[in-house]
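Colleague: Provide a 3D model corresponding to the input given below.
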Amino acid sequence: MTEDETLALVLQNGEQNIKFGYAGDEEPRTVLNNYAVKDAMGEFTFGIPPARPTFQVLESIVRGHISNWDILEKVWLHSYTLLKVNPEDHPLLITDVPLTPKETREKMT
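Modeller: Below is the predicted model:
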């Protein structure tokens with residue numbers, strides 16, 4: 001690979017987990033639970049189950065369909081943070097289930 005080439009990233013949205021890493025790697029670099037936890041102060045954490053009833057679990061994908069775009073985008077951005085990469089510096093391949101509606105696929109782009 002030359003200096004001018006940039007590694008593509010691969011993001012797999014699953015109902016339980018999001019897997020994120022570089023194309024060509026054997027394993028994803030990060031695997032996150034596919035939800036966010038919102039505390040009483042409105043702060044978000046990712047992949048940490050709530051320890052107290054004051055926390056609210058917000059799922060982004062339910063029964064294979066995206067149910068909360070805002071949370072999904074927050075999880076995606078958190079994935080970039082974990083990899084320590086700028087989203088604008090890497091092409092991205094997003095996988096989805098075969099029967100994903102056209103409107104959803106268009107919104108992901």
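
Colleague: what's the spacing between the nearest residue to Asp39 once chain neighbours are set aside and Val97?
Modeller: Counting by C-beta to C-beta, 6 or more residues apart in numbering, Phe55 is the residue found nearest to Asp39 once chain neighbours are left out, at 5.6 Å. Every residue, glycine included, has its C-beta placed from N, CA and C. Between Phe55 and Val97 the distance is 29 Å, computed by C-beta to C-beta, to the nearest Å.

Colleague: Between those two, tell me which one has more neighbours.
Modeller: More crowded of Phe55 and Val97, by other C-beta atoms under 10 Å: Phe55, with 15 against 12.

Colleague: What ranges in the chain fall below the confidence cut-off?
Modeller: Scanning the chain for pLDDT under 70 picks out 1-5, 47-54.

Colleague: Which helix or strand contains the spatially most central residue of it?
Modeller: Taking C-alpha atoms, centre = their mean as the criterion, Trp76 is the residue nearest the geometric centre of the chain, at 3.4 Å. Here Trp76, judged by DSSP states H and E, is contained in helix 69-83.

Colleague: how about that helix: buried residues?
Modeller: Under the neighbour-count criterion of 16 or more other C-beta atoms under 10 Å, helix 69-83 has 71-72, 74-76, 78-80, 83 buried.

Colleague: Cool, thanks, talk later.
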